[in-house]
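Student: Just need the structure, nothing else, for what follows:
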Amino acid sequence: MVFLKLAIKSLKNRAFATTLTVISIALSVSLLLSVERAKRAAEEGFTQTISKTDLIVGARSGPLQLILYTVFNMGNATHNISYETYQDVKKNPAIDWTIPYSLGDGHRGFRVVGTNEDFFKHYHYRGDQKIELEHGIEFRDLWDVVIGADVARKLNYKLGDRIVVAHGVTKGEGIQNHEDKPFVVSGIMKPTGTPLDRAVYMSLEGMEALHVDWQEGAAPTADKMIPREQLTKEKLKVHSITAFFIGAKSRIETLRLQREINNYKEEPLLAIIPGVTLSELWNGLSYVEGVLRMISWMVVVVGLMAMLISLTTTLNERRREMAILRSVGAQSSQIVGLLVFESALLTALGVVLGVVLSVGLVAILKPWIETEFGLYLVGPWFTQRELIYMVITLIGGTLIGLIPALRAQNLALKDGLSVKL
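Tutor: Model (predicted):
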């Protein structure tokens, strides 16, 4: 109790330096916790971009390439799958549902995806969450499209707006546009914080309608162009898709089903388990996590060094104070204990303030972070690892206090009472 009173009075006498020291530690701890929480949110969002899907099947290439162009809208498939193959695999008694995916076109930098109504029924992300529409309805007409939340927000689209799809995925305006076959926005999806927000969705027949009069990838001439009004779903036949998602009737059957598809004789296919591939991909990016954590710890060390400098530079001012304490009977070990206690108190105040600052910023910025970056800050406020970080910081700050404390212990009584010129 005496230590606490003496420490508080001493810190009050050096209020300005004390405040700066506490703030530097608080900012360091806040940055460390914020980086760790952002890392958790990024990992959660990354690995939970797709859930409850047992297999993703595409043309034989590589697992990472397949997961990137189907789930993250990155890159392109090397080959397509014939629709007959998809229909044949779909008949497997171990399969409960499928979602076909047809890629290849874009709209002003966003991926265009051809699929069917099963996409809205069975696609899950972040556990048990399903795709929901914020406005409008699913695509029912041949020329209907449903757009992701980011597409609607960035391009300022609303229901009923017309969309012209570009041939091939482009980052900006398309070089070759399907201007003769515009689509109409029939629905806008609710934000998901996943790549789903950054795509345009249409029916498989709609994707087929775009290219029905194209020959070997070349745009049709005016005399061979089929008018939009003449095309209907009934007249169109889907020839190929890029990939498809599978939900098995039993998780136990997943590995056997994967092996059967990979050995499919009619066409070379690749079936991957998305959860496994996503974990492997995230582990491959773990060096980024390590770099961020290292930078955060360096900031914490800088904060503790600032406290060490503050305590050390005030020793000359406190020589008389130490000498008086010695003269009234205080032992040198008690003076060491007092300075170490002050260091621990400063660190504890900094940690508490850093925690409050981190929690406050998360609470205030959470909606903006989710909208702009797709990072959903879910889960506990602090994990066991983060609590360990706080304890390490507190112990480190306390031990650093030993340096000025041991130096003060060596000050002689007469040195503290004498006047130095």
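Student: Could you export the helix or strand hosting I99 as CSV, CA atoms only?
Tutor: Element membership for I99, per DSSP states H and E: strand 95-107. Presented in CSV, the C-alpha positions along strand 95-107 are these (Å, rounded to 0.1, in the frame of the first residue of the first chain):
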residue,chain,number,x,y,z
ILE,A,95,-24.3,-36.8,-54.5
ASP,A,96,-27.1,-34.8,-52.8
TRP,A,97,-26.8,-31.6,-54.8
THR,A,98,-24.6,-29.7,-57.3
ILE,A,99,-24.1,-26.1,-58.4
PRO,A,100,-22.8,-25.6,-62.0
TYR,A,101,-20.4,-22.7,-62.6
SER,A,102,-19.7,-21.2,-66.0
LEU,A,103,-17.0,-18.5,-66.3
GLY,A,104,-15.4,-16.6,-69.0
ASP,A,105,-17.0,-13.1,-69.3
GLY,A,106,-16.8,-10.0,-67.3
HIS,A,107,-18.5,-6.7,-66.7
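Student: Buried residues in it, which are they?
Tutor: I95, T98, I99, P100, Y101, S102, L103, G104, D105, G106, H107 (16 or more other Cβ atoms under 10 Å). Yep, even glycine has a C-beta here, placed from its N, CA and C like the rest.
Student: Any buried residues in the helix or strand following that strand, and which?
Tutor: Sequence order places strand 110-115 as the next helix or strand after strand 95-107, per DSSP H and E. The neighbour-count check on strand 110-115 (16+ other Cβ under 10 Å) flags F110, R111, V112, V113, G114, T115 as buried.
Student: and the first one, what is it in contact with?
Tutor: The contact partners of F110, by Cβ atoms under 8 Å, 6 or more residues apart in numbering, come to G148, D150, V151, R198, A199, V200.
Student: Please apply the same query to G350.
Tutor: Here G350 is in contact with T21, V22, I23, S24, I25, A26, S28, V29, G303, M307, G397 (criterion: Cβ under 8 Å, 6+ apart).
Student: Just the buried subset of the residues you listed, please.
Tutor: T21, V22, I23, S24, I25, A26, S28, V29, G303, M307, G397.
Student: buried sites along the helix or strand containing the fourth one?
Tutor: For S24, the element it lies in under DSSP H and E is helix 15-47. Burial within helix 15-47, assessed by neighbour count using 16+ other Cβ under 10 Å, is assigned to 17-18, 21-47.
Student: What of stretch 130-149?
Tutor: For stretch 130-149, by 16+ other Cβ under 10 Å, it's I131, G136, E138, F139, L142, W143, D144, V145, V146, I147, G148, A149.
Student: Identify the farthest-apart pair in those.
Tutor: Farthest pair in these (Cβ to Cβ) is L142 and A149. Separation: 24.1 Å.
Student: any chance you could read off phi and psi for V165?
Tutor: phi -90, psi 140 (degrees, to the nearest 10).
Student: Low-confidence ranges, the protein, go.
Tutor: Applying pLDDT under 70 to the chain flags residues 1-14, 45, 168-175, 213-225, 227, 284-286, 313-336, 368-380, 405, 408-421.
Student: And the protein, what are its domain boundaries?
Tutor: Using automatic domain parsing, the domain parsing of the chain gives 2-46+289-417, 55-272.
Student: Rebuild those domains as JSON lines, extending it with distance to W282.
Tutor: Listed next are the domains of the chain as JSON lines, based on distance: least, Cβ to Cβ, whole Å:
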{"stretch": "domain 2-46+289-417", "distance to W282": "6"}
{"stretch": "domain 55-272", "distance to W282": "11"}
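Student: what's the closest of the ones you listed to L281?
Tutor: domain 55-272 (6.0 Å).
Student: What's the end-to-end length of that closest one?
Tutor: This stretch, domain 55-272, spans 5 Å end to end (Cα to Cα, to the nearest Å).
Student: that older thread, which member of the buried residues of strand 110-115 is positioned nearest E179?
Tutor: Of those, the one sitting nearest to E179 (Cβ to Cβ) turns out to be V112, at 14.7 Å.
Student: Once you drop chain neighbours, what's closest to V151?
Tutor: Leaving aside its sequence neighbours, V151 sits nearest to F110 (Cβ to Cβ, 6 or more residues apart in numbering; 5.2 Å).
Student: Would you map the helices across the stretch 51-200 of the chain?
Tutor: 63-71, 83-90, 118-122, 149-155 (DSSP state H, counting those that start in this stretch).
Student: deepest of the ones you listed, which one?
Tutor: helix 63-71 (a mean of 21; mean count of other Cβ atoms under 10 Å).
Student: Next, the angle from that one to strand 95-107.
Tutor: Using axes from the mean of the first three to the mean of the last three Cα atoms, to 10 degrees, the inter-axis angle of helix 63-71 relative to strand 95-107 is 80 degrees.
Student: Please report the residue range of the longest helix in this protein.
Tutor: helix 332-373 (DSSP state H).
Student: immediately after it, which helix or strand?
Tutor: Defined by DSSP H and E, the subsequent element after helix 332-373 is helix 384-400.
Student: that older thread, the helices of the stretch 51-200 of the chain: which one's closest to E280?
Tutor: Between those, helix 63-71 lies closest to E280; by Cβ to Cβ that is 7.6 Å.
Student: contacting residues around that closest one?
Tutor: Contacts of helix 63-71 (Cβ under 8 Å, 6+ apart): 49-50, 56, 58, 74-78, 101, 103, 195, 242-243, 245, 270, 272, 274, 277-278, 280-281.
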